[in-house]
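> sharing a model that was predicted from the sequence below.
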Amino acid sequence: MFILASASPRRRALLRQIGAQFVSITPAVAERKDGEHPRDDVIYNALMKARKVAAEYPDHAVLGADTAIVLGGKSFGKPRDAEEARHILSLLEGRQHTVLTGIAWVVDGRVVTDATETTVRFAPMSPAEIAAYVATGEPMGKAGAYAIQGRAAVYIEEIHGSFSNVVGLPLYAVAALARTAGVVMEAADDAAL
């Protein structure tokens, strides 16, 4: 069993989907989003989350993650309010953007990190469509102000890369990095017996 250093319900659902055995603890950390180096930022933020929890639970493997949307060199996280959600969506609509997720495992003081990049093309959206989507409340709490696994799916023309990354956690990369770190993510087949 490991600890997920995140409050994200989407990350928890993705890990449950693959049978991972974990508990979730939300770390209080200040995230870095300098915009100049988004890949470095998401790895840094993932690592800070994992280290914060690992300091309190040193006998457990800890997974940290951080996701950002990148368009034209600018990084977007979760919108603060409906107005910012409308603004972000107005920038994304009709264009291609990148979803970056940094992941970090901290195990017995050792650290392994990586980042996954997925390209997403949004269909054009009218201001009325953007307003209607924001009014559903779905964009709140989501990096880039949309949920590909939700109502926004009708506006996604193309995706190149990991779908689970766009949801919030690149499962293949997480599992590959876990193997590198020596972490067993799933319960043994006979664990329930």
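Sure, I can see it.
> paired strands for the lowest-mean-pLDDT helix or strand in the chain, with orientation please.
Every helix and strand in the chain was compared by mean pLDDT, DSSP states H and E; the lowest is strand 74-76, with a mean of 87. Strand 74-76 has its sheet partners listed here by DSSP bridges as strand 62-71 (antiparallel).
> and for residue 29, the neighbour number?
17 (other Cβ atoms under 10 Å). Using the backbone N, CA and C atoms, a C-beta is placed for each residue, glycine as well.
> look up the closest residue to it, ignoring the ones flanking it.
Once flanking residues are discounted, residue 29 sits nearest to residue 48: 4.7 Å by Cβ to Cβ, 6 or more residues apart in numbering.
> residues near the one you found, how many?
Number of residues near residue 48 (other Cβ under 10 Å) recorded here: 19.
> next one: the one 5 residues further on
Burial measure for residue 53: 24 neighbouring residues, criterion other Cβ under 10 Å.
> returning to that earlier point: which SSE is immediately downstream of the least confident helix or strand of the chain?
helix 82-92 (DSSP states H and E).
> which helices and strands does the very next helix or strand once past that following helix pack with?
Sequence order places strand 96-107 as the next helix or strand after helix 82-92, per DSSP H and E. Contact analysis of strand 96-107 by 3 or more Cβ pairs under 8 Å, 6 or more residues apart in numbering; DSSP states H and E lists helix 38-56, strand 62-71, strand 110-122, helix 163-167, helix 171-181 as its packing neighbours.
> and with 10 Å instead?
strand 2-5, helix 38-56, strand 62-71, strand 74-76, strand 110-122, strand 156-160, helix 163-167, helix 171-181 (3 or more Cβ pairs under 10 Å, 6 or more residues apart in numbering; DSSP states H and E).
> quick one: average confidence on stretch 133-143?
When pLDDT is averaged over stretch 133-143, the result is 94.
> just list the residues touching the nearest residue to residue 44 once chain neighbours are set aside, thanks.
Leaving out its chain neighbours, the residue that sits closest to residue 44 by Cβ to Cβ, 6+ apart is residue 32, at 5.4 Å. Applying Cβ atoms under 10 Å, 6 or more residues apart in numbering to residue 32 gives the contacts 40-42, 44-45, 48, 66.
> cool, thanks, talk later.
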